[in-house]
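Visitor: Predicted model follows, preceded by the sequence.
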Amino acid sequence: MTSGAGVFRLGCGVLLAVLGWAVGLWPPAAEAQVYRCRDQSGILLMTDDPSKFPPGCRPVEDPLEGAGALSVAPTLDESEMPAAEAEELARREQAARAERRALIETWKGRAQELAGAYQAAVTRRNQAYNRWSYSSREVVRQSLEEMAQARAGKEKLLEEMAQVFVPAHERAEVDDILQAIPSY
């Protein structure tokens, strides 16, 4: 029994020595400077970056003045953003919306062109079937190629639309136009 207890004490001693050595190597915690101020409504705000304080904030020098109450200085939201930055942001957002609207109108136009080309090819094919002659075979072949091109154009257009956010009602309009082209 004594040999087991001795080994245990030796192991604990080694463990304590290793822990003491590791704690001695641990870097000391750096203390950050804390800035305090009271806003216009009297709320104490504290931060490590005084530029985050709102305008009109009065500095507080006594660290015990605000003991027990901790507030964090809020960052500027869009309503507190300087007017020039807010105007620039609004202008960029408006330009992006206009660009997206133009892109959607382009897609609608392409969808109408594809649907029209597909329907014209179907009509030519059906007319060639109705008045069958030797030359009708070439018309049918060309019509089938045009129909296949319209289907491929539809798939490409749908892939493009999948890459960009399109509002549901706009997507439904394009989908309604493209329904004239069946997918095989």
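Guide: Received, thanks.
Visitor: any weak-confidence spans in this protein?
Guide: 1-32, 62-81 (pLDDT under 70).
Visitor: Can you show me the helices along it?
Guide: Here the chain has its helices, by DSSP state H, at 2-25, 83-130, 136-162, 168-178.
Visitor: wait, A111 sits on A172?
Guide: No. Counting by C-beta atoms under 8 Å, A111 does not reach A172; the two are 11.8 Å apart. To be clear about C-beta, it is placed using only N, CA and C from the backbone, and glycine gets the same treatment.
Visitor: So between the two, which is more surrounded?
Guide: The residue with more neighbours, out of A111 and A172, is A111; 24 against 11, by other C-beta atoms under 10 Å.
Visitor: and the spatially closest residue to the more buried one that is not a sequence neighbour, how many neighbours does it have?
Guide: Among residues not flanking A111 along the chain, I177 sits closest, at 4.1 Å (C-beta to C-beta, 6 or more residues apart in numbering). Using other C-beta under 10 Å, I177 has 21 neighbouring residues.
Visitor: do you know how far I177 is from S143?
Guide: Using C-beta to C-beta, to the nearest Å, I177 is found at 21 Å from S143.
Visitor: Not counting its neighbours along the chain, what's nearest the residue nearest to the spatial centre of the chain?
Guide: Nearest residue to the geometric centre of the chain (C-alpha atoms, centre = their mean): F165, 10.6 Å. With C-beta to C-beta, 6+ apart as the measure, R100 is the residue that lies nearest to F165, at 7.6 Å, once sequence neighbours are left out.
Visitor: This completes my enquiry, with thanks.
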